[in-house]
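Asker: Any chance you can model this:
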Amino acid sequence: MKSKLITGVLLAIFLVSTMSLAAAAKTTAPTSVTFSGSPTTGTTPLSVKFTATSSGGTPTEWTVNFGDGNSISSKLNTNSVIAAHVYQKVGIFTVSFKASNIGGSKTVSKSNYIVVRPVTPIANFQATYPIVFSLPYTIKFKDISSGNPTKWNWKFGDGTTSTTQNPTHTYKQYPAHDNSYIVTLTVSNSAGSSSNYMIFKISSKNAPNRVNVGAIQNDTSNNAYKVQSTSSGSKEQDVTNNNVSKLYAK
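Answerer: This next block holds a predicted model:
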């Protein structure tokens, strides 16, 4: 009885497999895929919309590789799809579309299709510092510049400099002018450079010495953030997350 049951199960599996193979044999695979994107060149972040069509058998699944480490797949029973992607990285990217069904698949690629150039970075930074001043006086700086800078040049207002992205600086002498240290950050990449500065003003030489900070943002790119000048050195930043990929039927 047990052997008959096993035989029956194996026969059922064989029949299902045979039927699947027969269905696959009757299903025409996609024979060609074409696509285009717009725009194909620009600066970061670059939003690109792709349109793809296939011929032959109707695909039941589409896969897109955007070439920047991101890809997306979706089960779409259609010969035409639209994909959207935001390129956050600078570079030259190869894009591919793959259309699949039970009968097979077809892939098409376009080499070096998307070209993303850098934008001129906008300098911006934060500082963590003691409100009460005494020598030696240490400030920690954090770069929050936009536009993917590749070089940083800090001037701390006491004759010293740094090319570290996030330096820590210790002042050993009282400010020489106007009771103030003026810290300047210049950032740059292959597209250009910009600067921003922050003023650390000491109320007096007499203890207790409080430090007030004034920040001035040289913003020429209309970026979505603002800088606050407060006695605690706080800042506000508004960031829009554009790193989204979409794939849907046309």
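
Asker: Tell me the buried residues in stretch 131-147?
Answerer: Neighbour-count burial for stretch 131-147 flags Phe133, Tyr137, Ile139, Phe141, Asp143, Ile144, Ser145, Ser146, Gly147 (criterion: 16 or more other Cβ atoms under 10 Å). Bear in mind the C-beta positions are built from the backbone N, C-alpha and C, glycine included.

Asker: What's the mean pLDDT across that stretch?
Answerer: When the per-residue pLDDT values of stretch 131-147 are averaged, the result is 90.

Asker: Over to stretch 195-208?
Answerer: Stretch 195-208 carries an average pLDDT of 77.

Asker: try stretch 102-118
Answerer: When pLDDT is averaged over stretch 102-118, the result is 96.

Asker: Run the chain-centre distance for that stretch.
Answerer: Its chain's average C-alpha position is 20 Å from that of stretch 102-118, according to Cα atoms, centre = their mean, to the nearest Å.

Asker: Pull out the buried positions in that stretch.
Answerer: Using 16+ other Cβ under 10 Å, the residues of stretch 102-118 that count as buried are Ile102, Gly103, Ser105, Lys106, Lys110, Tyr113, Ile114, Val116, Pro118.

Asker: Could you list which residues are in contact with the last one?
Answerer: With contacts defined as Cβ atoms under 8 Å, 6 or more residues apart in numbering, Pro118 is in contact with Thr43, Thr44, Val90, Gly147, Asn148, Asn189, Ser190, Ala191.

Asker: Most neighbours of all those residues, which one?
Answerer: Each of the contacts of Pro118 was scored by neighbour count (other Cβ atoms under 10 Å); the top score is that of Gly147, with 21 neighbours.

Asker: State the phi and psi torsions of it.
Answerer: phi 90, psi 20 (degrees, to the nearest 10).

Asker: Not counting its neighbours along the chain, what's nearest it?
Answerer: Counting by Cβ to Cβ, 6 or more residues apart in numbering, Pro121 is the residue found nearest to Gly147 once chain neighbours are left out, at 3.4 Å.

Asker: Do me a favour and get the end-to-end distance for stretch 166-186?
Answerer: Distances were taken as Cα to Cα, to the nearest Å; on that basis the terminal residues of stretch 166-186 are 13 Å apart.

Asker: Let me see the mean pLDDT of it.
Answerer: 91.

Asker: what about that stretch, distance to the chain center?
Answerer: So, by Cα atoms, centre = their mean, the centroid of stretch 166-186 is 33 Å from its chain's centroid.

Asker: For it, buried residues please.
Answerer: In terms of neighbour count (16+ other Cβ under 10 Å), stretch 166-186 has its buried residues at Pro167, His169, Tyr171, Pro175, Asn179, Ser180, Tyr181, Ile182, Val183, Thr184, Leu185, Thr186.

Asker: And those, which two are furthest apart?
Answerer: The most widely separated members of the buried residues of stretch 166-186, counting by Cβ to Cβ, are Asn179 and Thr186 (24.3 Å).

Asker: Who does Asn153 form a beta bridge with?
Answerer: When bridges are taken as DSSP bridges, the partners of Asn153 come out as Thr186.

Asker: And the pLDDT at it?
Answerer: At Asn153, the model reports a pLDDT of 97.

Asker: So what's the residue count around it?
Answerer: Asn153 has 15 nearby residues by other Cβ under 10 Å.

Asker: residues contacting it?
Answerer: By Cβ under 8 Å, 6+ apart, the contact list for Asn153 reads Thr161, Ser162, Thr163, Leu185, Thr186, Val187, Ser188.
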